[in-house]
Structure formats: structure tokens, C-alpha cells
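[1] Kindly generate the corresponding structure for this input.
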Amino acid sequence: MEKRMIKKIELDELAEGMIIAEDVSTPFGAVIASEKQVVDKKLIDLLKANRIRVIKVKADESEKDDVDDALSYIAEDMIAARNMVVFRTEEGIKPVVDAVIKIIREAPQVFDYAELIKQLHDYSDTVFAHSSNVALICFEFAMWRKMPPEAVKEVTLAGFIHDIGKLQLPLGILDAARPLTEAEFAQVKKHSINGYMMIKNTEIPESVKRAILDHHERCDGSGYPMGYDFNRISEYGRMIAIADSYEAMTAERAYRDKICPFKIASIMVKELEGKFDMAMLEDFLMNILGTYVGSKVTLSNGYTAKLKGINKQSISRPVIELAGRTIDLSTQVGAAAAIHVVGIA
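    Numbering: from 1, shown residues only. Below is the predicted model:
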């Protein structure tokens with residue numbers, strides 16, 4: 001038999017015929033409502049007398065169907081909104097989307113997640129696309145790291161709702177076809193705290209809440225909102241920081257073109273040195289750049305080559321095949337040392 005979803009409601013929403021999802025106890029430990037108990041007027045009066053404010057009940061089939069329909073619709077838009085650099089084909093992304101939707105559907109807090117994701121979807125195409133792609137990347141990242149199943153689920157869910165605090169920002173800021181002003185950026189920087197506060201009192205796991213708060217912290221202490229360094233940033237927060245930054249740079253924006261993944265690798269490793277968990281970053285870049293092996297790449301000298309492999313010691317300078325020759329870009333000298341990958345076909 002299919003497991004019924006659980007939802008948390010205010011006591012004044014409780015109605016006769018509903019089914020209690022878990023035992024309800026008084027502050028003194030006395031159980032006054034039992035799991036699977038059918039609600040009647042007598043039980044409602046008892047709960048009111050004991051000043052119970054919130055209760056968990058089994059969702060009815062129509063509510064479950066509503067969530068399933070919403071998630072099916074969301075799945076279609078996740079595919080349509082895919083990051084074309086990270087997920088190049090519908091065939092390649094569909095199994096990942098299916099896995100992420102399954103995680104949402106099976107989460108104990110499915111109603112919370114579904115509502116938050118729906119809000120992101122309805123609020124801004126750009127914010128939804130970014131959130132969706134970060135969730136997909138986080139899922140892949142967690143699988144590459146061979147994390148336990150529960151951790152895979154949590155970091156994926158955190159990735160999807162990491163930017164929910166942006167729901168409180170004016171759309172004019174988020175959709176600006178230009179770099180933000182200093183004042184606008186100061187507003188944007190509040191979104192991680194705002195997002196945390198939005199879900200603080202839900203039953204979403206603390207690890208997910210913390211990741212939302214942490215995802216703009218940086219390992220050298222230069223991030224926000226708390227200025228935490230490596231030792232104080234959560235594992236999920238460090239993962240989402242990488243996925244969030246990579247997705248943002250590979251996505252096309254109104255005020256700039258998308259950036260080549262190998263250029264991003266150079267930026268994240270060299271220009272942003274110390275900002276990210278370097279062990280995580282190396283693992284991430286080796287795997288995500290490895291997905292392009294076998295593809296054609298455009299070189300800075302105008303030639304087209306085939307990508308043969310990724311260099312662990314020089315991630316942004318791969319091994320290529322050009323005119324039948326295998327060339328390691330990391331070992332080139334003289335004028336050839338300046339040749340680099342500028343695009344992926």
C-alpha cells in the first residue's frame with residue numbers, strides 16, 4: 001500500500017474525519033491523540049482544551065494528487081529551464097530530473113518543499129531556472145562524492161530552495177539587465193538570512209536550513225551573512241557555494257555571455273583561491289569537466305580539437321587531440337603555452 005503524505009496544520013484547520021499522523025502529547029507527556037486515530041468533535045475539543053496549536057495529519061488523496069500534479073509540471077519546466085552548458089541534452093538531464101523529483105515527493109516535508117518550489121516557479125523564471133539547476137548539480141555532486149542516501153537527498157533539497165529568500169526582493173533587482181548597484185547588492189545579500197527565517201519554524205531538517213544560511217559564506221571568511229570561515233561553514237553550505245557559483249557563471253545573463261567551463265575552473269581555482277573548500281572543488285571540477293571528455297572544443301587560436309582528458313594538477317588546461325596528435329595543454333611552452341579552451345561544442 002502506498003504511504004500517505006503527512007502535512008502539518010493549525011488546530012483550527014483540523015476537521016472531523018481527518019486521520020492523526022503521529023501521537024499528540026501534553027507538555028506532561030500524556031498522549032491525548034494517537035497515530036491513525038480518526039478525528040471527531042470530542043478529540044478536537046480535547047486538543048483545544050490542552051491548547052495544542054499545531055498537529056500532523058494524513059493528507060487525503062486529492063491533496064496528494066495536487067502535489068503530484070504540481071511536481072510533474074515542475075519536472076517539465078526543469079527540463080525546459082536546464083543549463084545548456086551543464087546539461088546539454090534532454091535525454092541526459094531527464095534521469096537526473098526524475099531522481100530529484102522523487103526526492104521531493106518522498107520527503108517527509110513534501111508539502112513544505114512543494115510550496116516553496118512553486119513559489120520560486122511563479123516568482124521568476126530566472127530564479128527558478130537557477131534554483132532548479134543548482135538542485136540538479138547538487139544531486140550529481142553528492143553522487144560523485146558517494147555521500148549517504150540521506151545526505152544526497154538533503155543537499156539536493158537544500159540546493160533547490162537555497163535562494164528562497166530572493167522571494168522577498170523586488171523583481172526589478174533580480175531581472176536587471178546590468179550589474180547591480182552597491183545599494184541593490186546590499187539588498188540581495190540579505191536573501192540568505194531571509195530564506196533561513198522563512199523556513200526556521202518548519203520541520204525541514206536543520207542541515208537544510210543551515211545550508212540556506214551558509215551558501216554565500218566563503219572559506220576565507222570573506223562571505224556573508226556571518227563572515228564564517230571554513231571551520232564554521234556547514235558541509236552542505238560549502239557544496240552549494242560551489243554549485244551555485246558554477247551554475248551562475250555557466251548561465252547566460254542579460255549583461256554578459258555565459259562563461260566557458262574551463263575558464264570557470266581557472267577563475268574558481270586561481271582568481272577565487274581560498275574562497276571554496278579546495279578538496280570539494282577539485283572533486284567537483286574533475287567530475288563536471290570530465291562529462292565533456294569526447295566533445296569537440298574550440299581553442300583560443302581558432303582551431304577545433306577533441307577533448308581527451310582532464311589534468312588533476314592543472315584542471316583548466318586539459319589534454320586534447322588536434323590533427324591526430326595528443327596534446328597536453330598544461331605542458332606547452334613558448335607561444336603554445338597561451339593556447340586554452342574557449343568553448344565546448
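[2] Which residue ranges of the stretch 201-345 of the chain form helices?
    Taking DSSP state H, counting those that start in this stretch as the criterion, the stretch 201-345 of the chain carries its helices at 206-214, 235-250, 261-266, 278-290.
[3] In CSV, list those helices along with distance to Pro95, mean neighbour count and mean pLDDT.
    C-betas here are computed from N, CA, C, even on glycine. Conversion of the helices of the stretch 201-345 of the chain to CSV gives the following (distance: least, C-beta to C-beta, whole Å; neighbours: other C-beta atoms under 10 Å; pLDDT from 0 to 100):
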stretch, distance to Pro95, mean neighbour count, mean pLDDT
helix 206-214, 23, 22, 98
helix 235-250, 18, 23, 97
helix 261-266, 21, 22, 96
helix 278-290, 16, 18, 97
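[4] out of these, nearest to Thr26?
    Relative to Thr26, the nearest member of the helices of the stretch 201-345 of the chain by C-beta to C-beta is helix 206-214, separated by 25.3 Å.
[5] Now do the closest one: everything it contacts.
    Outside of helix 206-214, the residues within contact range by C-beta atoms under 8 Å, 6 or more residues apart in numbering are 154-155, 157-158, 161-162, 164-165, 192-193, 195-196, 199-200, 225-226, 228, 233-234, 236-241.
[6] Out of the helices of the stretch 201-345 of the chain, the one nearest Ser124 is which?
    Taking C-beta to C-beta, helix 235-250 is the member of these nearest to Ser124, at 14.4 Å.
[7] Show me what the closest one is packed up against.
    For helix 235-250, the packing partners by 3 or more C-beta pairs under 8 Å, 6 or more residues apart in numbering; DSSP states H and E come out as helix 125-144, helix 149-161, helix 206-214, helix 261-266, helix 278-290.
[8] quick one, what contacts the residue lying closest to Leu281 once chain neighbours are set aside?
    If the residues on either side of it in the chain are set aside, Leu281 comes closest to Ile242, at 5.7 Å by C-beta to C-beta, 6 or more residues apart in numbering. Residues near Ile242 by C-beta under 8 Å, 6+ apart: Phe141, Met268, Phe276, Asp277, Met280, Leu281, Phe284.
[9] okay, those residues in JSON lines with distance to Glu247 next?
    Supplementary listing: these in JSON lines, determined by distance: C-beta to C-beta, whole Å:
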{"residue": "Phe141", "distance to Glu247": "11"}
{"residue": "Met268", "distance to Glu247": "12"}
{"residue": "Phe276", "distance to Glu247": "14"}
{"residue": "Asp277", "distance to Glu247": "17"}
{"residue": "Met280", "distance to Glu247": "15"}
{"residue": "Leu281", "distance to Glu247": "14"}
{"residue": "Phe284", "distance to Glu247": "12"}
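[10] Now for Lys312, how many residues are close by?
    Residue crowding around Lys312 was assessed by other C-beta atoms under 10 Å; the count is 9.
[11] can you list the helices of the stretch 201-345 of the chain in a markdown table and add distance to Ala129?
    As requested, the helices of the stretch 201-345 of the chain are arranged in a markdown table below (distance: least, C-beta to C-beta, whole Å):
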| stretch | distance to Ala129 |
| --- | --- |
| helix 206-214 | 18 |
| helix 235-250 | 9 |
| helix 261-266 | 18 |
| helix 278-290 | 18 |
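[12] right, and those - which one's nearest Ala338?
    Minimum separation from Ala338 across the helices of the stretch 201-345 of the chain (C-beta to C-beta) falls at helix 261-266, 13.0 Å.
[13] what bits of this protein have low per-residue confidence?
    Counting by pLDDT under 70, the chain contains low-confidence ranges at 1-4, 61-62, 254-255.
[14] In this structure, which residue is most central in space?
    Gly159 (1.7 Å; C-alpha atoms, centre = their mean).
[15] Apart from its chain neighbours, what residue comes closest to it?
    Of all residues not flanking Gly159 in the chain, Cys138 sits nearest, at 3.3 Å (C-beta to C-beta, 6+ apart).
[16] Just confirm His162 contacts His215, I think it does.
    Yes - A contact is recorded between His162 and His215 when judged using C-beta atoms under 8 Å, the distance being 5.0 Å.
[17] Find the residues that touch each one of these two.
    Overlap between the contact sets of His162 and His215, as judged by C-beta under 8 Å, 6+ apart, is given by Ile240, Asp244.
[18] Looking at the two, which has the bigger crowd around it?
    Neighbours were counted for His162 and for His215 using other C-beta under 10 Å; His162 has more, 31 against 28.
[19] Tell me who's in contact with the more buried one.
    Taking C-beta under 8 Å, 6+ apart as the contact definition, His162 lies against Ser131, Val134, Gly195, Ala211, Ile212, His215, Ile240, Asp244.
[20] Ramachandran coordinates for it?
    Reported as degrees, to the nearest 10, the phi and psi values for His162 are phi -60, psi -30.
[21] which residues sit against the helix or strand harbouring Ala99?
    Applying DSSP states H and E as the criterion places Ala99 in helix 90-106. Here helix 90-106 makes contact (C-beta under 8 Å, 6+ apart) with 67-68, 71-72, 74-75, 78-79, 82, 87, 110, 113-114, 117, 135-136, 139-140, 152-153, 156-157, 160.
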